[in-house]
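Peer 1: here is a sequence together with a model predicted from it:
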Amino acid sequence: MIGILRSAWLIAEKDLKVESRSRELVYTTLFFAVTAVLIFAFSFVQEDSSIPAGSASGILWVTLTFSGTIALTRTFEREREHDTLRGLLLSPVERPAVYLGKLMAVLLLLAGVELVLVPLTGLFFQAPLGRAPWLLFALLATGTLGFASVGTLFAAMLVRARSRDVLLPVVLFPIIVPVIIAGVRGTNALFTPETDVAVARMWLAMLVSFDAVFLSLALWTCGPLLGE
Amino acid sequence: MTRTVPVLLLVAAAMLAASPFMIDAAPPEVTMGLVQKIFYVHLPSAMIFMVSSVICGVASALYLMGGRSPKADRTSVAAAELAIVFGLITLVTGPLWGRKAWGVWWVWDARLTSTLVMWLLYWSFTLLRRFGGPGSETLSAGVGLFGMALVPFVYWSVNVWRTLHPLTSVVPRLPASMGIPLWWSVVAFMCLFAALFLLRTRVEKLRTDLDAALADADE
Amino acid sequence: MKRVLLTCALLAVPAMTGAQQNVPSGFTAFDESAPRETLPAAPLVFIGYSLAWVALAFFAFTMWRKLTKVEQDLAELRRGAKR
């Protein structure tokens, strides 16, 4: 078990080192996220500067979903270009370690994006981020983990498939519907004038159980799915 | 095997031919009147959709974790396509009924939304098979397996919102006069499903045989 | 094989418990006294049934055609191989 975690960390570290040299993923994903929020702002902010109720949470999670998908596609495209994934799979490292390593790297990338995205959304859509910051953090963390745990697996398994760019959203989005629902409704419960912490906690509980089930499922199936 | 399909189709056809008379004889439902008759197509389709989903999920699991048997693969493909067909019928007859009964075409209630999400999942399964290139049998099995695990989560998360759907217990509490045509329709649809399923798996088997024969011929 | 069945059983448990937590609310108040559109129901029922028939017939027909074509191709290939 420790061996797997250690191997996973090595793989994640390798990804972070590669990323720290070019910073391509961070910059491009972040830029995409910011421009997406801007487009949403143009779409939703009314002439009298009012914002429809509940838009902030929705926009936050939609932007996260799309940025996350782009980040995943690009991460594995990079592996494919240099054919490094095959090297990784041939090495004497167990499949779950490869999966966990990539997952950790993706999570760190998305965390970096969220560090900018969340305050920006709060700024543009007047969302009260400070009202229940820890609960907000928990919702974002569990939601991102849910998204990334399924996304990393699917992106990895699609690496050698045809039409992989469009197929990733096609197969990923139906699976993460509960994450989106829980994330948006939970965040919205925190952002509404009558903050409902109990409701947010309930959605957080759902996200935790989703993460537990799907992370386990991913670890169990990553062997056959990541293949030869 | 090739005789089972026509027999099943004949049985289904006969039952479905008889069903309008049975449906007509059933009393109209108190508040909804004529439009409730859609129920006799909507509910069996929904049940078959769920059955097909489970078959696809289990077959995907068996394929992925139980040795990649071609039979499991064929089963999951056929079940996914039939889930799309019966899901389509459910998702169209539902709103047609809902427009009259509830006044709106679409409501975000748990069952309808879960059905829609799962329907999309089987589309993603099929699209992956069609456009994913070689090796997509394994990938789609992954999607099928994850899809099966998804069902309770989708249902629960949508269910926390208000639901307008009738209680499940509507079925047991139905008077015999409505129950009989309903179960008649369910059995008829099941026969139809079985026939179409066998047909589809046969097509898939022959297709793989053809691919193998072509590969042999090339050598 | 056992692992597969065990997992399926495990996955079925949350599915069943989830399904049992049906929020029992039945039909929401369909306000009888409020003015509502009186849509003729017959066209809706007709469309519903026709669509079901068309979809199923279309699927069966497509599958039948694919079956005959693949059977033909296979027979041709086998005939060619015998020569």
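Peer 2: Thanks, I have the structure now.

Peer 1: can we go C-alpha only for contacts and neighbour counts from here?
Peer 2: OK.

Peer 1: enumerate the residues of chain B near chain A.
Peer 2: Counting by C-alpha under 8 Å from any C-alpha of the partner chain, the residues of chain B close to chain A are B:64-65, B:117-118, B:120-121, B:124-125, B:127-128, B:131-136, B:138-139, B:142-143, B:146-147, B:150, B:153-154, B:157-158.

Peer 1: show me the shaky parts of the chain.
Peer 2: All of this is about chain A. With pLDDT under 70 as the threshold, chain A has low-confidence stretches at A:228.

Peer 1: sorry, should have said chain C
Peer 2: Along chain C, the parts satisfying pLDDT under 70 run over C:1-41, C:83.

Peer 1: of the residues of chain B next to chain A, just the buried ones, PyMOL syntax please.
Peer 2: A single PyMOL command is used to select the members of the residues of chain B next to chain A judged buried by 16 or more other C-alpha atoms under 10 Å in any protein chain shown:
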select buried, chain B and resi 64+65+117+118+120+121+124+125+128+132+136+138+139+142+143+146+147+150+153+154+157+158
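
Peer 1: secondary structure element holding residue 190?
Peer 2: Since no chain was named, I'll use chain A. Per DSSP states H and E: A:Leu190 is located in helix A:177-191.

Peer 1: if you could check chain B rather than the one you did, that'd help
Peer 2: Here B:Met190, judged by DSSP H and E, is contained in helix B:176-218.

Peer 1: would you map the strands across chain A?
Peer 2: Assignment of strands within chain A using DSSP state E yields no ranges at all.

Peer 1: sorry, slip of the keys, the one I care about is chain B.
Peer 2: Applying DSSP E to chain B gives no strands.

Peer 1: show me where it has its helices.
Peer 2: Remark: helices of chain B, listed N- to C-terminal, are B:4-25, B:39-65, B:70-101, B:110-131, B:136-159, B:176-218; assignment by DSSP state H.

Peer 1: the inter-axis angle of the first one versus helix B:176-218?
Peer 2: Between the direction of helix B:4-25 and that of helix B:176-218, the angle (axes from the mean of the first three to the mean of the last three C-alpha atoms, to 10 degrees) works out to 160 degrees.

Peer 1: quick one: helix B:4-25 near chain C?
Peer 2: No - shown here: helix B:4-25 not in contact with chain C (C-alpha under 8 Å from any C-alpha), separated by at least 9.9 Å.

Peer 1: helices or strands up against that helix?
Peer 2: Helix B:4-25 sits against helix B:176-218, with contacts defined as 3 or more C-alpha pairs under 8 Å, 6 or more residues apart in numbering or on different chains; DSSP states H and E.

Peer 1: the third one too?
Peer 2: Based on contacts counted as 3+ C-alpha pairs under 8 Å, 6+ apart, the elements that helix B:70-101 packs against are helix B:39-65, helix B:110-131, helix B:136-159, helix B:176-218, helix C:41-82.

Peer 1: the fourth one packs against which elements?
Peer 2: When contacts are defined as 3+ C-alpha pairs under 8 Å, 6+ apart, helix B:176-218 sits against helix B:4-25, helix B:39-65, helix B:70-101, helix C:41-82.

Peer 1: and the lowest mean pLDDT element among the helices and strands of chain B?
Peer 2: Between all helices and strands in chain B, the lowest mean by mean pLDDT, DSSP states H and E belongs to helix B:4-25, at a mean of 71.

Peer 1: can you list contacts of that helix?
Peer 2: B:37, B:40, B:177-178, B:181-182, B:184-185, B:188-189, B:191-192, B:194-196, B:198-199 (C-alpha atoms under 8 Å, 6 or more residues apart in numbering or on different chains).

Peer 1: now the angle from it to helix B:39-65?
Peer 2: 150 degrees.

Peer 1: report how many residues lie close to A:Glu194.
Peer 2: By the measure other C-alpha atoms under 10 Å in any protein chain shown, the count of residues near A:Glu194 is 8.

Peer 1: so who does the residue nearest to the spatial centre of chain B touch?
Peer 2: Central residue check for chain B by C-alpha atoms, centre = their mean: the C-alpha nearest the mean position is that of B:Phe49, 2.1 Å away. Taking C-alpha under 8 Å, 6+ apart as the criterion, B:Phe49 is in contact with B:Leu82, B:Ala83, B:Ile84, B:Phe86, B:Gly87.

Peer 1: for B:Gly87, see how far away it is.
Peer 2: According to C-alpha to C-alpha, to the nearest Å, B:Phe49 and B:Gly87 sit 5 Å apart.

Peer 1: hmm, back to that, and the least confident helix or strand of chain B, how far from the chain's centre?
Peer 2: Using C-alpha atoms, centre = their mean, to the nearest Å, we find the averaged C-alpha position of helix B:4-25 to lie 18 Å away from the chain's own average C-alpha position.

Peer 1: burial count for C:Val54?
Peer 2: Neighbourhood size, C:Val54 [other C-alpha under 10 Å]: 12.

Peer 1: rewinding a little: redo the contacts of B:Phe49 as JSON lines? Include pLDDT and neighbour count.
Peer 2: Converted to JSON lines, the contacts of B:Phe49 look like this (pLDDT from 0 to 100; neighbours: other C-alpha atoms under 10 Å in any protein chain shown):
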{"residue": "B:Leu82", "pLDDT": "95", "neighbour count": "26"}
{"residue": "B:Ala83", "pLDDT": "95", "neighbour count": "29"}
{"residue": "B:Ile84", "pLDDT": "96", "neighbour count": "22"}
{"residue": "B:Phe86", "pLDDT": "94", "neighbour count": "26"}
{"residue": "B:Gly87", "pLDDT": "94", "neighbour count": "27"}
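
Peer 1: are any of the contacts of helix B:4-25 buried, and if so which?
Peer 2: Applying 16+ other C-alpha under 10 Å to these, the neighbour count classes B:37, B:40, B:178, B:181-182, B:184-185, B:188-189, B:191-192, B:194-196, B:198-199 as buried.

Peer 1: and the furthest pair within the residues you listed?
Peer 2: Within the buried ones among the contacts of helix B:4-25, two members stand farthest from each other by C-alpha to C-alpha: B:Met178 and B:Leu199, at 31.9 Å.

Peer 1: out of the buried ones among the contacts of helix B:4-25, who's nearest chain A?
Peer 2: Each of these was scored against chain A by C-alpha to the nearest C-alpha, and B:Leu196 proved nearest at 25.6 Å.

Peer 1: please name the residues that touch the nearest residue to B:Met190 once chain neighbours are set aside.
Peer 2: Computed as C-alpha to C-alpha, 6 or more residues apart in numbering or on different chains, the closest residue to B:Met190 that is not its neighbour in sequence is B:Ile48, at 6.9 Å. In this structure, B:Ile48 makes contact with B:Ala83, B:Phe86, B:Phe189, B:Met190, B:Phe193, judged by C-alpha under 8 Å, 6+ apart.

Peer 1: okay, now the unreliable bits of chain B?
Peer 2: Segments of chain B classed as low confidence (criterion: pLDDT under 70) are B:1-3, B:19, B:21-36, B:161-178.

Peer 1: residue of it nearest chain A, please.
Peer 2: For chain B, C-alpha to the nearest C-alpha, closest residue to chain A: B:Gly132, 4.8 Å.
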